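Enquirer: Return atomic coordinates for the entry below.
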Amino acid sequence: MRFRFFKTIRSRLLLLVLISVLPALGIIIYSGLDRSSREIEDAKSDAWEAVKSLAYEHERVMESTRQFLMTLAKIPGIKNLNVTESNQLLKVLLKQNPLYGSWKPIFSSHSLPQLPRFEKQNGSERAEDEALSSPQKSPLLSP
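Expert: Next up is the predicted model:
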């Protein structure tokens with residue numbers, strides 16, 4: 001007994017329509033999956049670029065902060081642990097450098113932290129002093 005369903009014209013036309021729609025449906029499904037995977041890759045790429053940009057910005061801020069602290073360490077009022085002079089200087093510097101706005105002068109009027117002093121080797125302190133004293137090489141003036 002053969003398929004009775006395919007004996008009528010209506011059933012044959014329905015089968016023909018289904019067969020003709022299947023390739024288009026396959027293309028639609030494939031392109032949707034392909035587009036989805038491309039969008040995922042684009043999102044990963046965009047996220048990676050954002051992370052690299054943030055890392056670069058963080059490194060730039062860290063280098064700027066390092067140079068700022070190195071310069072502060074060379075100022076006589078801070079080097080000699082003069083509380084009032086240090087607090088006045090830090091207040092002025094904090095107003096001029098909003099990047100360091102979360103810093104606050106940490107010295108109270110009579111208590112100073114005892115920080116360890118490290119000795120530099122191979123004359124590197126002299127080279128740093130010379131670099132800081134010349135205006136064109138000053139870390140505060142460099143871009």
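
Enquirer: When you work out contacts or count neighbours from here on, use the C-alpha atoms and nothing else.
Expert: OK.

Enquirer: Residue 39: helix or strand, and which one exactly?
Expert: For residue 39, the element it lies in under DSSP states H and E is helix 9-74.

Enquirer: Name the next helix or strand following that helix along the chain.
Expert: helix 76-79.

Enquirer: Now do that next one: everything it contacts.
Expert: 72, 73, 83, 85, 86 (C-alpha atoms under 8 Å, 6 or more residues apart in numbering).

Enquirer: give the contact list for the first one.
Expert: In other words, residue 72. Contacts of residue 72 by C-alpha under 8 Å, 6+ apart are residue 78.

Enquirer: at 10 Å instead, please
Expert: Residues in contact with residue 72, defined by C-alpha atoms under 10 Å, 6 or more residues apart in numbering, are 66, 78, 79, 86, 89, 90, 93.

Enquirer: Would you mind measuring from it to residue 79?
Expert: Using C-alpha to C-alpha, to the nearest Å, residue 72 is found at 8 Å from residue 79.

Enquirer: still on that earlier bit, now that we have the contacts of helix 76-79, which one has the most neighbours?
Expert: residue 86 (21 neighbours; other C-alpha atoms under 10 Å).

Enquirer: Find me the pLDDT at that residue, would you?
Expert: At residue 86, the pLDDT value in this model is 83.
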